[in-house]
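Enquirer: show me how the following folds:
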Amino acid sequence: METPLGSATLRSHPLGFKVARVSNGSIHLRLHLWTRAAEQPGFEVHDHSFDLKSYVVEGAIQQITFTAHEDPDGDRCVYQVAYGESRSSLRKTDIAVRLEEPRQSVFRAGTTYFLPAGQLHMAERHYCALAVSLALTHEKGGQPLTIGPRNGPSELVAARSLLSERSLMELGLRAALSF
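Expert: Below you'll find the predicted structure:
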């Protein structure tokens, strides 16, 4: 904990984990503590505006990658993501899609995986109470997207609340997990 990451604060994330982050320009180191299910069921499939290299420290992470095809009869819809300091919002577009599920992978403690910017995916704990991962991200730019139900709301807002004013080092890992 006596690293730059130890001085970071912890935030909730709507996809089911807590995150502490330190940044250096367009490069970020993130600690993810996976302890719960996603808060926005049906909106788990998303991409990133950054390349992600993740090392699983504890537990296991299941990742499913997808390809989306524009389809006027598709049952899904593209949502654009906008980030704020303490919230994110998903805004529905008129683009209907269908998803193909080309690959499912499980990454266990001690393994590393890479996800390029723009690749649609979803990730979650895999048959464990806790998963911990360290992710190194490199911003590439672009508009991040989420895929949601076609009959979903026109806008969905999620809090990314600060869980404590105290740093991760001050909290300690056990206290950080209890939030």
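
Enquirer: show me where this protein has helices.
Expert: In the chain, the helices defined using DSSP state H lie at 168-178.

Enquirer: flag the shaky bits of it, pLDDT-wise.
Expert: Where the chain drops to pLDDT under 70, the residues are 1-2, 174, 179.

Enquirer: tell me where it has strands.
Expert: 10-13, 17-24, 27-34, 45-46, 50-58, 60-70, 76-83, 87-108, 112-115, 120-125, 131-139, 145-149, 155-159 (DSSP state E).

Enquirer: closest to Glu170 out of the ones you listed?
Expert: Among those, strand 10-13 comes nearest to Glu170, with 10.5 Å by Cβ to Cβ. No exception for glycine: its C-beta is placed from N, CA and C like everyone else's.

Enquirer: which elements pack onto that closest one?
Expert: Helices and strands touching strand 10-13, by 3 or more Cβ pairs under 8 Å, 6 or more residues apart in numbering; DSSP states H and E, are strand 17-24, helix 168-178.

Enquirer: right, so of the ones you listed, which gets closest to Val106?
Expert: Closest approach to Val106 among the helices and strands packed on strand 10-13 is made by strand 17-24 (16.6 Å; Cβ to Cβ).

Enquirer: just the C-alpha atoms of the closest one, please, in CSV.
Expert: Output of strand 17-24 as CSV, limited to C-alpha atoms (Å, rounded to 0.1, in the frame of the first residue of the first chain):
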residue,chain,number,x,y,z
PHE,A,17,-16.4,-3.2,-8.6
LYS,A,18,-14.6,-0.6,-6.6
VAL,A,19,-11.8,1.3,-8.2
ALA,A,20,-8.7,3.3,-7.0
ARG,A,21,-6.8,5.1,-9.7
VAL,A,22,-3.6,7.0,-10.2
SER,A,23,-2.8,8.8,-13.4
ASN,A,24,0.2,10.1,-15.3
